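Chemist: here are the coordinates; sequence isn't available:
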């Protein structure tokens, strides 16, 4: 497995950050714009690109063992080659892949991996426009079992014709999923994140302006991790709120707890640098929305993935280095002081 040259230790010497990434292993797969989700006591990651500007996505599947803190490739026939796709965990067993770039075009195909039987299960779909596809979008599981999808689906012309958000309903057991348009009011975004907190969905980034977009009356299908919530909220008590919003960004990562949202890294639109940033921010929602800058991590990444497993927040891969020319193989854990 490729090693990640340039992997960072946790903090810059002399810089006391209240939270930062600590290296777990540098012996993971070198990937960016891949997807990942926690199933059982492991994290599965799939696809992505192995070199900067790679046009042919990977079809490989890997599992991170949280006990041994190591990666292993999972060999199962039928794995699709995809990057810039989205995934959701279902029933603690399935990794559902949605859309992405297949090396030739954007697709809206859906395929599931069964972690118990270790096999791929192609799914039939209906309802999605035949002349469009999905990439750099988000997929978020709702309490109803449906999945809400936000983001880019091909050209701007296609977006104007078809909108930018969908509800995906169906089941792996039935082998069929159906798309229907959610709203025409969603802004065009690419490389954003989506998190449900309470009964609101927060879409962050993916464009130069309008950092946050909020949609009401949506309930998450995943429970909040209270340990992570407590740790994040304790940081907010020690930091002064920002007087204005951070600038726009894309290809970052976010995690959420009850009433709190943390985001890290990505690419900015302000021309400061051609490299990914390591900025870390916290958003608290009560009694009013407040933004906090937690500092600048030495782990500067974009196109990376982030998952919560147990009481740990795990980051893997992504682009970084000079001109974002390096695809990383390292894995980090978010550590709180």
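Modeler: Perfect, thanks for sending it. All of these numbers come straight from a predicted model, not from anything done at the bench.

Chemist: which regions of the stretch 51-200 of the chain sit below the pLDDT cut-off?
Modeler: By pLDDT under 70, the low-scoring segments of the stretch 51-200 of the chain are 155-163.

Chemist: count the residues that sit near residue 153.
Modeler: Neighbour count of residue 153, defined by other Cβ atoms under 10 Å: 26. Yep, even glycine has a C-beta here, placed from its N, CA and C like the rest.

Chemist: that one touches residue 179, doesn't it?
Modeler: No - contact criterion Cβ atoms under 8 Å: residue 153 and residue 179 do not qualify, at 10.1 Å.

Chemist: list the residues that contact both of these two?
Modeler: In the contact map built from Cβ atoms under 8 Å, 6 or more residues apart in numbering, the residues linked to both residue 153 and residue 179 are residue 108.

Chemist: so which bits of stretch 53-68 are buried?
Modeler: 54, 57, 58, 60, 61, 62, 63, 64, 66 (16 or more other Cβ atoms under 10 Å).

Chemist: need phi/psi at the fourth one.
Modeler: Torsion angles at residue 60 (phi, psi; degrees, to the nearest 10) stand at phi -80, psi 150.

Chemist: heads up, I number from 57, so please use that
Modeler: Sure, I'll start counting at 57 from here, so that last one is residue 116.

Chemist: distance of it relative to residue 175?
Modeler: Shown here: residue 116 relative to residue 175, a distance of 16 Å by Cβ to Cβ, to the nearest Å.

Chemist: check the third one too.
Modeler: Computed as Cβ to Cβ, the residue 114 to residue 175 distance reads 19 Å.

Chemist: run the chain-centre distance for stretch 195-208.
Modeler: For stretch 195-208, the separation from the chain centroid amounts to 13 Å (computed by Cα atoms, centre = their mean, to the nearest Å).

Chemist: repeat that for stretch 235-249.
Modeler: For stretch 235-249, the distance to the chain centre is 16 Å (Cα atoms, centre = their mean).

Chemist: pull out the buried residues from that stretch.
Modeler: If you call a residue buried by 16+ other Cβ under 10 Å, then stretch 235-249 has these buried ones: 235, 238, 242, 245, 246, 247, 248, 249.

Chemist: which residues are in contact with the first one?
Modeler: Residues in contact with residue 235 (Cβ under 8 Å, 6+ apart) are 164, 181, 182, 183, 184, 205, 222, 223, 224.

Chemist: list the contacts for residue 99?
Modeler: 92, 93, 119, 120, 122, 363, 365, 370, 372.

Chemist: checking it next. Helix, strand or coil?
Modeler: Under DSSP: H, G, I helix; E, B strand; the rest coil, residue 99 falls in the strand class.

Chemist: that one pairs with what?
Modeler: Per DSSP bridges, the residues bridged to residue 99 are residue 94, residue 120.

Chemist: and the strands in the stretch 257-393 of the chain?
Modeler: Secondary structure of the stretch 257-393 of the chain (DSSP state E, counting those that start in this stretch): strands located at 268-272, 305-306, 309-313, 316-320, 323-324, 335-340, 346-352, 361-365, 368-372, 375-376, 382-383, 387-392.

Chemist: outside of stretch 220-227 itself, list whatever touches it.
Modeler: The list of residues contacting stretch 220-227 from outside it, by Cβ under 8 Å, 6+ apart, reads 154, 166, 179, 184, 195, 201-209, 232-239, 242-245.

Chemist: that one: which residues count as buried?
Modeler: Burial within stretch 220-227, assessed by neighbour count using 16+ other Cβ under 10 Å, is assigned to 220, 221, 222, 223, 224, 225, 226.

Chemist: any chance of those in JSON lines with secondary structure and distance to residue 331 as columns?
Modeler: Below are those laid out as JSON lines (DSSP: H, G, I helix; E, B strand; the rest coil; distance: Cβ to Cβ, whole Å):
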{"residue": "220", "secondary structure": "coil", "distance to residue 331": "28"}
{"residue": "221", "secondary structure": "strand", "distance to residue 331": "31"}
{"residue": "222", "secondary structure": "strand", "distance to residue 331": "33"}
{"residue": "223", "secondary structure": "strand", "distance to residue 331": "37"}
{"residue": "224", "secondary structure": "strand", "distance to residue 331": "35"}
{"residue": "225", "secondary structure": "strand", "distance to residue 331": "40"}
{"residue": "226", "secondary structure": "strand", "distance to residue 331": "40"}
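
Chemist: ok, those vs residue 136, which is closest?
Modeler: Within the set of the buried residues of stretch 220-227, residue 224 lies nearest residue 136; the separation is 16.8 Å, counting by Cβ to Cβ.
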